[in-house]
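Engineer: Sharing a model that was predicted from the sequence below.
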Amino acid sequence: MNQRRTAAMALNLGLGLVLLALLPGLAMAQSVRETARELVPQIQPALSAEAPPPGASLPGPVRTVGWEQLIPAGWDPFKDLKALNLDALKDNDPKAEEALQKMRKMWDNAPVNPLVLGQNLRLPGYVVPLEDLPEGMKEFLLVPYFGACIHSPPPPANQIVHVVLDKPAKRLRLMDVVWVTGPMSATKTDSHMGVAAYRIDARQVAPYNAKKR
């Protein structure tokens, strides 16, 4: 298992630690550790990128990637949390809140991986609409696990891709699972649903199928 895959798994499974300070309405009587433990199971692993989708061929070489490949080598998403001793913190401890807010700022400015920029990529993910127009959906956020940006706070910006289509798609819905194919750029988008560090101008959006052909 390579370094970026390990980081991506830790990122998705450990995101619950950040949720405890960002989700409203958490029970006041719960400890920091208890709250984190309850929230971690809500985070699902990123979709597999092992099997490319069927469909028409696209011009130019297409590289199928997973979400771990969007994380630059050496970037630690939990840098600001490692110094905290969660067992010793009490509810509403200002140190915990300060560290978690600092981490949120760092995540919204998460660095991109330059090795994926300018390439024609195929990436699987879940759809988070940015608009609801009669003619269909023309742009959305692609996220690595179910519920991101909707039922939980946004993941780091380098785990969110802003997808822009040439023509509106009428059949796309919230949390649909799709393959998106197109050129990847480091275009930052700050939307009401989350901050995306990447953008794909989609040449193809196809239903996701994890089974190999």
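Structural biologist: Received the coordinates, thanks.

Engineer: what comes up buried for stretch 131-146?
Structural biologist: For stretch 131-146, a neighbour-count test (16 or more other CB atoms under 10 Å) marks 137, 138, 139, 140, 141, 142, 143, 144, 145 as buried. Every residue, glycine included, has its C-beta placed from N, CA and C.

Engineer: And for stretch 176-189?
Structural biologist: Here stretch 176-189 shows 176, 178, 179, 180, 181, 182, 184, 185, 187, 189 as buried, counting by 16+ other CB under 10 Å.

Engineer: mind saving the C-alpha coords of stretch 183-200 as PDB?
Structural biologist: Provided in PDB are the C-alpha atoms of stretch 183-200 (Å, rounded to 0.1, in the frame of the first residue of the first chain):
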ATOM      1  CA  PRO A 183      -8.800  17.300 -18.200                       C
ATOM      2  CA  MET A 184      -7.800  18.100 -14.600                       C
ATOM      3  CA  SER A 185      -6.800  21.600 -13.500                       C
ATOM      4  CA  ALA A 186      -5.900  23.200 -10.200                       C
ATOM      5  CA  THR A 187      -8.800  25.600 -10.300                       C
ATOM      6  CA  LYS A 188     -10.000  26.500  -6.900                       C
ATOM      7  CA  THR A 189     -13.800  26.800  -6.400                       C
ATOM      8  CA  ASP A 190     -15.300  28.100  -3.100                       C
ATOM      9  CA  SER A 191     -19.000  27.200  -3.200                       C
ATOM     10  CA  HIS A 192     -21.700  27.000  -0.600                       C
ATOM     11  CA  MET A 193     -21.200  23.200  -0.500                       C
ATOM     12  CA  GLY A 194     -17.400  23.200   0.000                       C
ATOM     13  CA  VAL A 195     -14.100  24.300  -1.300                       C
ATOM     14  CA  ALA A 196     -12.700  22.300  -4.300                       C
ATOM     15  CA  ALA A 197      -9.000  22.500  -5.200                       C
ATOM     16  CA  TYR A 198      -9.500  20.800  -8.600                       C
ATOM     17  CA  ARG A 199     -11.700  21.200 -11.600                       C
ATOM     18  CA  ILE A 200     -12.500  18.700 -14.400                       C
END
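
Engineer: mean confidence score for that stretch?
Structural biologist: Mean pLDDT, computed over stretch 183-200, is 97.

Engineer: same deal with stretch 164-177?
Structural biologist: Per-residue scores along stretch 164-177 average to 93.

Engineer: rewinding a little: nearest to residue 204, of the buried residues of stretch 131-146?
Structural biologist: Residue 204 lies nearest to residue 142 out of these, by CB to CB, at 13.0 Å.

Engineer: hang on, that closest one packs against residue 180?
Structural biologist: Yes. Between residue 142 and residue 180 there is a contact under CB atoms under 8 Å: 5.6 Å.

Engineer: Check which helices and strands the longest helix along the chain is in contact with.
Structural biologist: Across the chain, the longest stretch assigned as helix under DSSP state H is helix 94-108. On a contact count with 3 or more CB pairs under 8 Å, 6 or more residues apart in numbering; DSSP states H and E, helix 94-108 meets helix 16-22.
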